[in-house]
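> Any chance you could fold what I've pasted below:
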Amino acid sequence: MMAHGILLPRDIPASEVVHFARHVEDLGFQELWVVEDRGFRGGVAQAAAVLASTTSLRVGIGILPAAVRNVVFAAMEVATLAQLFPRRIDVGLGHGMPAWLDSVGARPSRPLSFLEEYVQAMTALLRGERVAADGRIDVRDVALEPSALPDVVPDIFLGVRGPKSLAVSGRLAAGTVLAEPSSPEYVRVARAQIDASSRHRIVAYNVAVVADTNADAFATARPALQYVGDDDWGPHIAPLPFASELADLRTTSRTRTQFAERLPDEWVAQLALAGTPSTVRRRLRQLGEAGVTSSVMIPVGPDPFSAVTSFAQLID
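Below you'll find the model as predicted:
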């Protein structure tokens, strides 16, 4: 069955992080995913705090930009979390946003080759293997100490978009994190490009709003969709029947805010998990049929606690 998860808001006050995680667990959600975005909070530290303050919640890190972390030291952090909280941690790795990497001088010359070698090296290190690589990843005869190895190696996910990167995820990772918006149409295209076995896990992020009427839900969700017209989100939009019209709307809109305000309701319905409980349940079923194994809902609006509480009625 498809698991239901929540994305920890990246800008939630630090004093509320633990309370929010416990609230998510108390409501019956199986997963909580933390975000690492440039300038906000670190993914490893957030994951550790959430794991230590909950008892059964599975915690995912989505995602760690590989290029900004030495793979050996990243593996040490992952191994520590896996030792302390066995079978409760999933780790997402990815390229990172190009502009962010440029801003910190960490953009690889060949991002795909770099990520592929990085995943191979981290997987080997977590398994206790000695690694020596002098390609895109420079690791010279290094292994984790036996006392630092986890009994259960955590699942490694790739948070990627492009077809070549998705193919690497299918070959090397236990699962793939698909950023929002993850419509059923986009999930099917991504799964075909991943071309993995049925055991490959698919985590799909989506903006989510549950309200008394579809119109109210769409109005709340609309501002959170202001970025979907940007070029980086092209792969998410291309499979949708209104892709060219959406591109035209972005071109004729002066700002992202105006673009979001002009999104028709019928588009919002396909770009977010938004609507009445029955509407959103139907959309969740469609995601499951498309191959999603974990549907991760992104709360929007002024009160993420109330938003998450409204999502609880969606859990079977």
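> I'd assumed Gly60 was in contact with Phe157.
Yes: in this structure, Phe157 is within contact of Gly60 by CB atoms under 8 Å, at 7.3 Å. For every residue, glycine as well, the C-beta is placed using N, CA and C.
> where do the contact lists of the two overlap?
90-92, 177, 203 (CB atoms under 8 Å, 6 or more residues apart in numbering).
> ok, of these, which one's closest to Lys164?
Val177 (16.6 Å; CB to CB).
> For the helix or strand hosting the closest one, what is the distance to the chain centroid?
Using DSSP states H and E, the element containing Val177 is strand 175-178. Remark: strand 175-178 is offset 7 Å from the chain centroid, using CA atoms, centre = their mean, to the nearest Å.
> what does that strand contact?
33, 60, 62-63, 90, 92, 94, 155, 157-160, 166, 169-170, 186-187, 190, 194, 200-205, 293.
> Could you list every helix and strand in contact with the strand or helix carrying Ser306?
For Ser306, the element it lies in under DSSP H and E is helix 304-311. Judged by 3 or more CB pairs under 8 Å, 6 or more residues apart in numbering; DSSP states H and E, helix 304-311 is in contact with strand 3-7, helix 17-26, strand 201-210, strand 294-299.
> Select, out of the ones you listed, the one closest to Leu271.
Counting by CB to CB, and looking across all of the helices and strands packed on helix 304-311, nearest comes strand 201-210 at 7.5 Å.
> related to what we said a few turns ago, show me what the strand holding Val177 pairs with in its sheet, parallel or antiparallel.
Here strand 175-178 has these sheet partners by DSSP bridges: strand 155-158 (parallel), strand 201-210 (parallel).
> Including mean neighbour count, could those strands go into JSON lines?
Shown next, in JSON lines, are those (neighbours: other CB atoms under 10 Å):
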{"stretch": "strand 155-158", "mean neighbour count": "22"}
{"stretch": "strand 201-210", "mean neighbour count": "25"}
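> Turn those strands into a markdown table, including distance to Gln226 and mean pLDDT.
Below are those laid out as a markdown table (distance: least, CB to CB, whole Å; pLDDT from 0 to 100):
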| stretch | distance to Gln226 | mean pLDDT |
| --- | --- | --- |
| strand 155-158 | 26 | 98 |
| strand 201-210 | 11 | 98 |
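> okay if I get the ones you listed as JSON lines plus distance to Arg22?
Listed next are these as JSON lines, based on distance: least, CB to CB, whole Å:
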{"stretch": "strand 155-158", "distance to Arg22": "24"}
{"stretch": "strand 201-210", "distance to Arg22": "20"}
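> looking at those strands, which is closest to Ser244?
strand 201-210 (22.2 Å).
> Quick check: nearest residue in space to Gln120, chain neighbours excluded?
Of all residues not flanking Gln120 in the chain, Leu172 sits nearest, at 6.5 Å (CB to CB, 6 or more residues apart in numbering).
> Can you show me the helices along the stretch 201-316 of the chain?
For the stretch 201-316 of the chain, helices defined by DSSP state H, counting those that start in this stretch occupy the ranges 214-221, 234-237, 243-252, 256-261, 265-271, 277-290, 304-311.
> and of the ones you listed, who's closest to Arg69?
helix 234-237 (25.0 Å).
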